[in-house]
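Participant: Pasting the sequence and the predicted model now:
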Amino acid sequence: MNDMTQHFHQVEMKPKEFKSEVEPVWCPGCGHYGVLAGMYRAMSELGLDPNYTVNLSGIGCSSRTPYFVQSYKMHTLHGRAGAVATGTQLARPDLAVIVTGGDGDGFSIGGGHMPHLARKNINMTYILMDNRIYGLTKGQVSPTSRKEMKAYTTPYGGVEEPLDPVLYMLTYGATYVGQAFAGNPKMCASLIKGALEHQGFSFVNIFSQCPTFNKIDTAKYFKGLVVDVPDDLELDDSSSAMAHVQQVNRQGKLAVGLLHQSQRTTLDQEMARLVKKVGGNAEYDLQKIVDLSRP
Ligand code: SF4
Ligand code: MG
């Protein structure tokens, strides 16, 4: 363990014991099954106590994930899971806070929240299940859809450049950034485990095929393009990660693995420091902060 590691309430549970009583209803071949398998495995390896874990989501196929995991959970508004997670984490810094969601939910409808989760270094894990399409609403282009993609909203082909989630998060100061392919649940588990252990805002982008509505970015397509991050990448330097991702993207490939990990104080730590400064020796307490902010 290093000083970026956080400590959880722990239990001994096998991966399958993290399954809830609700069965996933995703289409056959959906990449989200691989991400969920990775989550179960990561939670088991860490021994994450479901009584001290909160899974949050917005709206979308991937936003159903909390239903399938043993933990407290909240299916919030479209694009707003990050904001609810911020409040949850500040109110209860002892909980493991996890958001799962899609490319449309996170970067279009909820796009205004994303830079703030990163810049404030909220101590939480955000797992983006990126299928480059809106699945639940039956196939419209999303912010990560490729240019010229034909979908219900773009019958003549899309005219917008796609957004790259990991470059975005590196730019705004996320302190843990990884990328994986859902067809490799082992890598998903490893990155999710690292993200959960990391103290600070951790972001994992997972290419997760939607065989029902995206016939271009298929599992075979992603599998053929992924390239492992080299061992000598300077993980604590976000500009190295950005340069690497851009170089791999220019080659038409996709960089997978841990791209960046660094340390700075989290928002709850900053607020605790403020409380001590203003209010004496008070321990971190959200109510205390509310009281202090009153005139
Ligand atoms: Fe998965 Fe696409 Fe089906 Fe949604 S519509 S469950 S994303 S395959
Ligand atoms: Mg999507």
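Facilitator: Received the coordinates, thanks. Ligands and ions are numbered 1, 2, ... in the order given.

Participant: which bits of the stretch 101-250 of the chain sit near ligand 1?
Facilitator: Residues of the stretch 101-250 of the chain found near ligand 1 (C-beta under 6 Å from any ligand atom) are 131, 135, 136, 210, 211, 212, 213. Bear in mind the C-beta positions are built from the backbone N, C-alpha and C, glycine included.

Participant: residues in contact with the closest residue to residue 198 other than its chain neighbours?
Facilitator: Among residues not flanking residue 198 along the chain, residue 176 sits closest, at 4.2 Å (C-beta to C-beta, 6 or more residues apart in numbering). Residue 176 makes contacts with 194, 195, 198, 200, 201, 202, 203, 258, 260, 261, as judged by C-beta atoms under 8 Å, 6 or more residues apart in numbering.

Participant: circling back: ok, and the most crowded of the residues of the stretch 101-250 of the chain next to ligand 1?
Facilitator: The most crowded member of these, judged by other C-beta atoms under 10 Å, is residue 131 (30 neighbours).

Participant: returning to that earlier point: which of the contacts of residue 176 are buried? Put it as a PyMOL command.
Facilitator: Selection of buried members from these for PyMOL, criterion 16 or more other C-beta atoms under 10 Å:
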select buried, resi 194+195+198+200+201+202+203+258+260+261
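
Participant: In strands, which of the contacts of residue 176 appear?
Facilitator: If you go by DSSP state E, the contacts of residue 176 have 201, 202, 203, 258, 260, 261 in strands.

Participant: could you pull out the strands for the stretch 101-250 of the chain?
Facilitator: For the stretch 101-250 of the chain, applying DSSP state E, counting those that start in this stretch gives strands covering 124-130, 176-181, 201-207, 226-228.

Participant: Same list (those strands) but as a markdown table, adding distance to ligand 2.
Facilitator: Putting these into a markdown table (distance: least, C-beta to the ion, whole Å) gives the following:
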| stretch | distance to ligand 2 |
| --- | --- |
| strand 124-130 | 7 |
| strand 176-181 | 15 |
| strand 201-207 | 11 |
| strand 226-228 | 18 |
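
Participant: could the ones you listed be laid out in a markdown table, adding mean pLDDT and distance to residue 20?
Facilitator: Putting the strands of the stretch 101-250 of the chain into a markdown table (pLDDT from 0 to 100; distance: least, C-beta to C-beta, whole Å) gives the following:
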| stretch | mean pLDDT | distance to residue 20 |
| --- | --- | --- |
| strand 124-130 | 98 | 17 |
| strand 176-181 | 98 | 23 |
| strand 201-207 | 98 | 20 |
| strand 226-228 | 98 | 30 |
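
Participant: Take those and lay them out in TSV including distance to residue 41.
Facilitator: Shown next, in TSV, are those (distance: least, C-beta to C-beta, whole Å):
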stretch	distance to residue 41
strand 124-130	13
strand 176-181	13
strand 201-207	14
strand 226-228	19
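
Participant: I'd like to know which of these lies nearest to residue 237.
Facilitator: Residue 237 sits nearest to strand 176-181 of all the strands of the stretch 101-250 of the chain, at 11.9 Å, using C-beta to C-beta.

Participant: could you give the angle of that closest one to strand 124-130?
Facilitator: Angle, strand 176-181 to strand 124-130, by axes from the mean of the first three to the mean of the last three C-alpha atoms, to 10 degrees: 30 degrees.

Participant: then strand 176-181 to CSV, C-alphas only?
Facilitator: Written as CSV, here are the backbone C-alpha positions of strand 176-181 (Å, rounded to 0.1, in the frame of the first residue of the first chain):
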residue,chain,number,x,y,z
TYR,A,176,-6.2,8.4,-11.5
VAL,A,177,-7.0,7.6,-15.2
GLY,A,178,-7.2,4.2,-16.8
GLN,A,179,-8.7,2.8,-20.0
ALA,A,180,-9.7,-0.8,-20.8
PHE,A,181,-11.8,-2.9,-23.1
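
Participant: Spell out which strands sit alongside that strand in the sheet and which way each one runs.
Facilitator: strand 201-207 (parallel), strand 254-261 (antiparallel) (DSSP bridges).

Participant: which outside residues touch the last one?
Facilitator: Okay, so that is strand 254-261. By C-beta under 8 Å, 6+ apart, the list of residues contacting strand 254-261 reads 4, 166, 170, 174-181, 184, 187, 191, 194, 198, 207, 222, 225-229, 233, 235-238, 241, 244-245, 248-249.
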